[in-house]
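S.K.: Build me a model from this:
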Amino acid sequence: MIWLVAIVLLCLLALLAIPLEFRFSVQRDQVTHGELKFCWLFGLVRFAAPIKSCRERPVARETSSKKSDKKPRGNGVRSMLQLSGNARWRQRIFRFAKDLLQTLHLSELSLNLRLGLDDPAETGRLWAFLGPVAVYLSSIRRARIRVLPVFSGESLQLDAHGQAKLVPIQLLYLVLAFILSPVMLRSFWRMHSAGR
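M.R.: Numbering: from 1, shown residues only. I've put the predicted structure just below:
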């Protein structure tokens, strides 16, 4: 039985060590649409995953009693903005982004993003975090990055496409090391506590 488990694990590790190539294209204004194309096992496995258009659902009017029971919108974003003041948290995020880009082996990346929150002050705080990330991304070879803040109101406009190759087992190790790092575990706990 132990030998069977060991053989299955070895086969799984061998499969995860085979590079996966993918191409993506995503656009969003009021509607999000796009497509992901994957190529694996040296071209033997090919499949596409469309990103279906989804229109914004109108917000139903609620009574004042129901509104008081609901949590304010954007609570998760506000929690992240509070965490962005933590230097160790920022360093861990930047390190993860850098390691992720090295793991992805980008051959092409184009990103145009306009982002704004309902409060201009919070948009400024978000930009203080995203600005350095955008500058770092724009220095990558074969990457065209343009990220702009929107202070006139809540907004999310995205136009992105690219092509990359990764080894799944490397990505799995990187993501697990990021999630289970002491800094991120403490951050997740603070966000969970703030959401109560």
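S.K.: contacts for the helix or strand hosting residue 101?
M.R.: Using DSSP states H and E, residue 101 falls within helix 87-104. For helix 87-104, the external contacting residues (C-beta atoms under 8 Å, 6 or more residues apart in numbering) are 83-84, 129, 132-133, 136-137, 140, 164-167, 170-171, 174, 178, 181, 183-184, 187. C-beta here means a position set from N, CA and C on the backbone, and glycine is covered the same way.
S.K.: I'd like the next helix or strand past that helix.
M.R.: Next along from helix 87-104, by DSSP H and E: strand 106-116.
S.K.: ok so, going back, now a ChimeraX select for only the buried ones of the contacts of helix 87-104.
M.R.: Buried residues within those, by 16 or more other C-beta atoms under 10 Å, are selected in ChimeraX with:
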select :83,84,129,137,164,166,170,171,174,178,183,184,187
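S.K.: Filter the contacts of helix 87-104 down to just the ones in strands.
M.R.: Using DSSP state E, 164-166 are the members of the contacts of helix 87-104 that sit in strands.
S.K.: how near is the nearest residue to residue 178 once chain neighbours are set aside to residue 174?
M.R.: If the residues on either side of it in the chain are set aside, residue 178 comes closest to residue 96, at 4.7 Å by C-beta to C-beta, 6 or more residues apart in numbering. From residue 96 over to residue 174 the distance is 7 Å, taken as C-beta to C-beta, to the nearest Å.
S.K.: Then residue 188?
M.R.: With C-beta to C-beta as the criterion, residue 188 and residue 174 are 17 Å apart.
S.K.: now do residue 111
M.R.: 20 Å.
S.K.: Also residue 154?
M.R.: 32 Å.
S.K.: Tell me where the chain is predicted with low confidence.
M.R.: Along the chain, the model assigns pLDDT under 70 to residues 53-86, 194-196.
S.K.: quick one, helices of it?
M.R.: Taking DSSP state H as the criterion, the chain contains helices spanning 2-16, 64-69, 75-83, 87-104, 120-138, 168-179, 182-194.
S.K.: Quick one: those as a markdown table, columns for distance to residue 42 too.
M.R.: Formatted as a markdown table, the helices of the chain follow (distance: least, C-beta to C-beta, whole Å):
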| stretch | distance to residue 42 |
| --- | --- |
| helix 2-16 | 12 |
| helix 64-69 | 55 |
| helix 75-83 | 39 |
| helix 87-104 | 19 |
| helix 120-138 | 30 |
| helix 168-179 | 14 |
| helix 182-194 | 35 |
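S.K.: Centroid-nearest residue for the chain?
M.R.: Ranked by distance to the mean C-alpha position of the chain (C-alpha atoms, centre = their mean), the top residue is residue 97 at 9.8 Å.
S.K.: how deep is residue 28 tucked in, by neighbour count?
M.R.: Neighbours of residue 28 under the rule other C-beta atoms under 10 Å: 17.
S.K.: list the contacts for residue 158?
M.R.: Contacts for residue 158 (C-beta under 8 Å, 6+ apart) come out as 26-28, 32, 111-114.
S.K.: what do you get if the cut-off is 10 Å, keeping everything else the same?
M.R.: By C-beta atoms under 10 Å, 6 or more residues apart in numbering, the contact list for residue 158 reads 26-29, 32, 34, 111-115.
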